[in-house]
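Peer 1: sequence plus predicted model, see below.
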Amino acid sequence: MFTPPLHTLTLEQETIIKNYEAKWLKLISTDSTVDKNAAAEAINAAYAIVGEQKPTIIFCDSLYAAFRSILEQGMCRLESGVEYELIKKTWNYIKNQLNPEVTRLICQSNEEVQHRVSQYKKQIINQIRRQLDSEANQQQKKILIRSSIYIQPEVLASYGSQCDFCISELNCEYDYAIWQVFQSIVKNCGWIISLEKLVSTENNFVNREKLVIICEKPIIPLDSEYSLHMDNKKPVNKISDGQTVIF
């Protein structure tokens, strides 16, 4: 059962929050091969929860290959993935159970990590965009430019650590099914790009096809405690054409 709202966090709880930040930072930063079956199962479960049909899932072995795949899709637009819908719904439900001051403290603790991961992500994406710039037409360049807005591992880690702390330490109520699917996505899917592809039919109608591109996680440099190294080293990413697999 949920404990009545706290008016503030204890010093011990404020310290414990850092453990959850480290846990979720590790989840989005560890260099591990994507399990395609587990990833597809997690994505399909998420779409089922929000009441949408299963998307076409494209697996790429690098973020570079994922961007190349975007250029091959023709007319399409980037979307916020259903994983964001799930975690925002979970956080909003939990937040309504908290005192505003507690909510502020929890959110504030994540700001630095979210900012730092965002900076590393931008370095990676900008590097790839420069490589692909000569290959893209004007419409595709607009999509590439906006990609940083829609690829948001830092947001998933931030919301994930907040919710995890509140569920585990503050005994907040939550939707078990949604929380399990979200955790499975972060654990199994690497970095995700969601698209809506426009496909013309013989009768001049336009069909909208949902695509989800999943790629290996770029290696974000972390220390032994899973804190970000704030030096001048560039993040490591496999810059190659890569292998693409469609489910």
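Peer 2: Cool, the structure landed.
Peer 1: run the chain-centre distance for stretch 79-99.
Peer 2: 13 Å (C-alpha atoms, centre = their mean, to the nearest Å).
Peer 1: same thing with stretch 42-54?
Peer 2: Relative to the centre of its chain, stretch 42-54 is centred 16 Å away, using C-alpha atoms, centre = their mean.
Peer 1: same thing with stretch 120-135?
Peer 2: 18 Å.
Peer 1: can you show me the CA trace of that stretch as CSV?
Peer 2: What follows is stretch 120-135, C-alpha atoms only, in CSV (Å, rounded to 0.1, in the frame of the first residue of the first chain):
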residue,chain,number,x,y,z
TYR,A,120,27.1,13.1,-25.4
LYS,A,121,24.2,12.1,-27.6
LYS,A,122,24.3,15.3,-29.5
GLN,A,123,28.0,14.8,-30.2
ILE,A,124,27.3,11.3,-31.6
ILE,A,125,24.3,12.4,-33.7
ASN,A,126,26.0,15.5,-35.1
GLN,A,127,29.0,13.5,-36.1
ILE,A,128,26.8,11.1,-38.1
ARG,A,129,24.7,13.9,-39.6
ARG,A,130,27.9,15.5,-41.0
GLN,A,131,28.8,12.2,-42.7
LEU,A,132,25.3,11.8,-44.2
ASP,A,133,24.7,15.4,-45.1
SER,A,134,25.9,15.0,-48.7
GLU,A,135,23.7,12.0,-49.3
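Peer 1: show me the contacts for the residue nearest the centre of the chain.
Peer 2: Nearest to the geometric centre of the chain sits Pro153, at 3.6 Å (C-alpha atoms, centre = their mean). Counting by C-beta atoms under 8 Å, 6 or more residues apart in numbering, Pro153 makes contact with 28, 117, 121, 191, 217. Quick note: C-beta positions are derived from backbone N, CA and C, even for glycine.
Peer 1: please identify the buried residues of the helix or strand harbouring the third one?
Peer 2: Put plainly, it is Lys121. Lys121 is part of helix 100-132, with elements assigned from DSSP states H and E. Within helix 100-132, the residues that count as buried by 16 or more other C-beta atoms under 10 Å are 102-103, 105-106, 109-110, 113-114, 116-118, 120-121, 123-125, 127-129, 132.
Peer 1: next: stretch 23-41.
Peer 2: Under 16+ other C-beta under 10 Å, the buried positions of stretch 23-41 are 24-25, 27-29, 34, 39-40.
Peer 1: how about stretch 136-143?
Peer 2: Neighbour count says stretch 136-143 has 136, 140, 143 buried, by 16+ other C-beta under 10 Å.
Peer 1: what would these look like in JSON lines with secondary structure and pLDDT?
Peer 2: Formatted as JSON lines, these follow (DSSP: H, G, I helix; E, B strand; the rest coil; pLDDT from 0 to 100):
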{"residue": "Ala136", "secondary structure": "coil", "pLDDT": "87"}
{"residue": "Gln140", "secondary structure": "helix", "pLDDT": "86"}
{"residue": "Ile143", "secondary structure": "helix", "pLDDT": "87"}
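Peer 1: I'd like those residues as TSV, with distance to Ile87 appended.
Peer 2: Shown next, in TSV, are those (distance: C-beta to C-beta, whole Å):
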residue	distance to Ile87
Ala136	31
Gln140	29
Ile143	24
